[in-house]
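K.L.:
coordinates for the following, if possible.
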Amino acid sequence: MMSFKRRKYKLLLCVCVVISVYYLLGINDYVNARRIEDGFDYPLNMDIQPLLQEVMAGKKPSVPPINYYPYRFLTNSGKCNTVEKLDLFIVVKSAMDHFGHRNAVRLTYGQENLIPGRIVKSLFFVGIDESYPKSETQKKIDEEMVQFKDIIQIDFRDNYYNNTIKTMMSFRWVYEHCNTADYYLFTDDDMYISVNNLLDYVHDKPVPTSTGHGNEQLYAGYVFESTPQRFITSKWRVSLEEYPWSKWPSYVTAGAYVVSNKSMKTMYAGSLFVKHFPFDDVYLGILAKKVGLVPQH
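P.N.:
So this is what the prediction gives:
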C-alpha cells in the first residue's frame with residue numbers, strides 16, 4: 001500500500017514538473033505560433049500604402065492613425081531646417097547620464113566639418129527621468145544644452161522599454177524639422193561610425209531592392225533573422241497575444257542603421273498606422289514589412 005502511494009506521489013510530482021517546464025519554457029506559445037509565410041496581418045490589417053501617400057502629401061488620412069505618440073519636444077535646435085540640403089543627418093539616441101558618450105561623439109564622427117565637401121549634422125535625442133525637472137542629471141543636461149545646442153529632449157520616461165518611443169519620436173522630429181538630408185543615420189551613443197565609409201557606401205554602391213528603386217528606398221545595417229522569446233521568465237518574453245507569429249520579419253539591429261530620405265518619410269508615415277511594439281529594432285522590421293521596404297545587410 002505504501003509502495004503504491006509512493007508511486008502515485010512520484011507520478012504526481014513528475015506531472016507537476018512537466019507542466020511547470022511546459023509553462024516556463026513557453027512551449028504552448030511555440031507550438032501554437034502562426035507561420036509568417038501564411039500571412040502577416042499585424043495591425044492595421046489593411047493595405048496602408050494609400051494612407052502613406054495621403055500623409056506625405058500633407059492630406060488628412062482617410063483612416064485615423066492608431067499610433068501617434070502623445071509626447072512633446074521640450075527643446076529644439078537650429079542645427080537643421082527644411083530648406084538646407086544635407087548629405088547626412090545623424091540621429092544619436094542617448095541616455096540622459098551619458099555625458100561622456102556624447103562628448104566622445106562630438107570629438108569624433110559627430111564633427112560637422114569632418115569631411116570636406118560633405119554637409120553632415122548631428123543631434124542627440126534623450127528622454128526624461130523620474131525626477132524631471134529637478135534632478136541633478138537634468139541640471140547638467142540643461143547646462144550641456146546651453147553649451148552645445150545639440151540635444152533634443154522629449155517628455156517620455158527614458159528606459160529600455162521605451163526605446164521605440166525614442167526612435168519614432170526622433171523620426172517625427174526629422175520628418176517635421178529636418179527632412180532635406182539625402183540619408184539619415186540612426187545610432188546609439190556607444191557606437192563609433194566611419195561617416196566617410198558610410199557616405200561612400202550609399203553614394204557609390206547602389207543597393208538593389210525588390211522594388212527596383214535602389215538607394216531611394218534604403219534601409220540598411222546588420223540584418224537579423226530571429227524568433228520571439230517565449231520563456232516566461234525572460235526579460236524579452238513576447239506572448240502570443242502580443243505577437244502570434246513564429247518569427248520576426250527581417251530587421252536591422254537598432255545599434256546603427258541608415259535610411260534614405262524617402263525611406264525615412266515612408267517609415268514615419270507608416271508608423272502612424274502600425275501598432276506600437278516595445279522593441280525598437282523589431283518594430284522597425286515590422287514597419288518595414290508593412291510599408292514594403294527590404295532591410296539590406
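K.L.:
ok, now which ones touch residue 75?
P.N.:
Residues in contact with residue 75 (CB atoms under 8 Å, 6 or more residues apart in numbering) are 145, 151, 152, 153. C-beta: built from backbone N, CA, C; applies to glycine.
K.L.:
wait, a strand at it?
P.N.:
No: secondary structure of residue 75 (DSSP: H, G, I helix; E, B strand; the rest coil): coil, not part of a strand.
K.L.:
now it: closest residue in space, sequence neighbours ignored.
P.N.:
Leaving aside its chain neighbours, residue 75 sits nearest to residue 153 (4.8 Å; criterion: CB to CB, 6 or more residues apart in numbering).
K.L.:
check residue 36 too.
P.N.:
Leaving out its chain neighbours, the residue that sits closest to residue 36 by CB to CB, 6+ apart is residue 245, at 4.6 Å.
K.L.:
beta partners for the one you found?
P.N.:
In this entry, residue 245 is beta-bridged to residue 34, by DSSP bridges.
K.L.:
what about it, how many residues nearby?
P.N.:
When neighbours are counted by other CB atoms under 10 Å, residue 245 registers 21.
K.L.:
pull the contacting residues for it.
P.N.:
33, 34, 35, 36, 40, 228.
K.L.:
next one: residue 79
P.N.:
So residue 79 contacts 121, 123, 149, 150 (CB under 8 Å, 6+ apart).
K.L.:
counting neighbours, which of the residues you listed comes out on top?
P.N.:
residue 123 (25 neighbours).
K.L.:
tell me who's in contact with that one.
P.N.:
Each residue near residue 123 by CB under 8 Å, 6+ apart is listed here: 77, 79, 80, 89, 90, 91, 92, 150, 151, 152.
K.L.:
sorry, back to before: roughly how far does the residue nearest to residue 36 sit from residue 202?
P.N.:
In this view, residue 245 and residue 202 are 31 Å apart by CB to CB, to the nearest Å.
K.L.:
can you check residue 147 too?
P.N.:
32 Å.
K.L.:
isn't the residue nearest to residue 75 up against residue 127?
P.N.:
Yes: proximity of residue 153 to residue 127 meets the contact threshold set by CB atoms under 8 Å, at 7.3 Å.
K.L.:
thinking residue 95 is in contact with residue 128, fair?
P.N.:
No: between residue 95 and residue 128 there is no contact under CB under 8 Å: 11.4 Å.
K.L.:
anything in contact with each of the two?
P.N.:
Common neighbours of residue 95 and residue 128, counting by CB under 8 Å, 6+ apart, are residue 158.
K.L.:
and the contacts of residue 245, which are buried?
P.N.:
For the contacts of residue 245, a burial check counting by 16 or more other CB atoms under 10 Å picks out 33, 228.
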